[in-house]
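Colleague: Dropping a prediction and its sequence here:
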Amino acid sequence: MGWFNKSVQGGIDVATALQLLAKGGVLVDVRTLREYEAGHAPGARLVDPKLVADDPWTAVHSDDPLAEPDGVMVFICDTGLRSSMAAKISRDRGYNAEFVANGLRGWREDGQYLIPGPPRNRR
């Protein structure tokens, strides 16, 4: 799957993303580990976009036995490009998925903060 050959259209604004997360949605970061460690949105799960292409549900929720099958996955990356593709793949497979328009650039412009560091292990 070509992750970089599509233009970004659509997406949700940060306020809508925060509302979806407050209702139980999952924020999914589809950047590299290095990018994530440099700064990520609080609570974002780091997921390899190639794994999303293989099986979105397993990539995002494999270690979460309480995950809601109808819950929304909110994808985010730096600019919205990778996350738009991850959301499209997920929607095409029947999952409830959105992406943050303008990615983390839009996140920061909205006044939200990023935190550095590695992904936390979920237990």
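Modeller: Good, I have the coordinates.
Colleague: which regions of this structure sit below the pLDDT cut-off?
Modeller: For the chain, the stretches with pLDDT under 70 are 1-9, 121-123.
Colleague: Let me know the next secondary structure element after the longest helix along the chain.
Modeller: Counting by DSSP state H, the longest helix found in the chain is helix 81-92. Sequence order places strand 97-99 as the next helix or strand after helix 81-92, per DSSP states H and E.
Colleague: check contacts around the residue nearest to the spatial centre of the chain.
Modeller: By Cα atoms, centre = their mean, the chain has its centre lying nearest to Phe75, at 2.1 Å. Applying Cβ atoms under 8 Å, 6 or more residues apart in numbering, we find Phe75 in contact with 28-30, 52, 82-84, 86-87, 90, 97-100. Placement of C-beta: from N, CA and C, glycine included.
Colleague: Widest-spaced pair of those?
Modeller: Using Cβ to Cβ, the pair of these lying farthest apart is Val52 and Val100, separated by 15.1 Å.
Colleague: show me where the chain has helices.
Modeller: Under DSSP H, the chain gives helices at 14-22, 33-38, 49-54, 56-61, 81-92, 103-109.
Colleague: Let's have the ones you listed in TSV, adding mean neighbour count and distance to Gly117.
Modeller: Shown next, in TSV, are the helices of the chain (neighbours: other Cβ atoms under 10 Å; distance: least, Cβ to Cβ, whole Å):
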stretch	mean neighbour count	distance to Gly117
helix 14-22	16	19
helix 33-38	14	6
helix 49-54	17	21
helix 56-61	20	20
helix 81-92	22	20
helix 103-109	19	15
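Colleague: Arg120 is nearest to which of those?
Modeller: Proximity to Arg120, assessed across the helices of the chain by Cβ to Cβ, is greatest for helix 33-38 (11.2 Å).
Colleague: Tell me the helices and strands packed up against the closest one.
Modeller: Contact partners of helix 33-38 among helices and strands, from 3 or more Cβ pairs under 8 Å, 6 or more residues apart in numbering; DSSP states H and E: none.
Colleague: partner residues bridging Ile12?
Modeller: Judged by DSSP bridges, the bridge partners of Ile12 are Val100.
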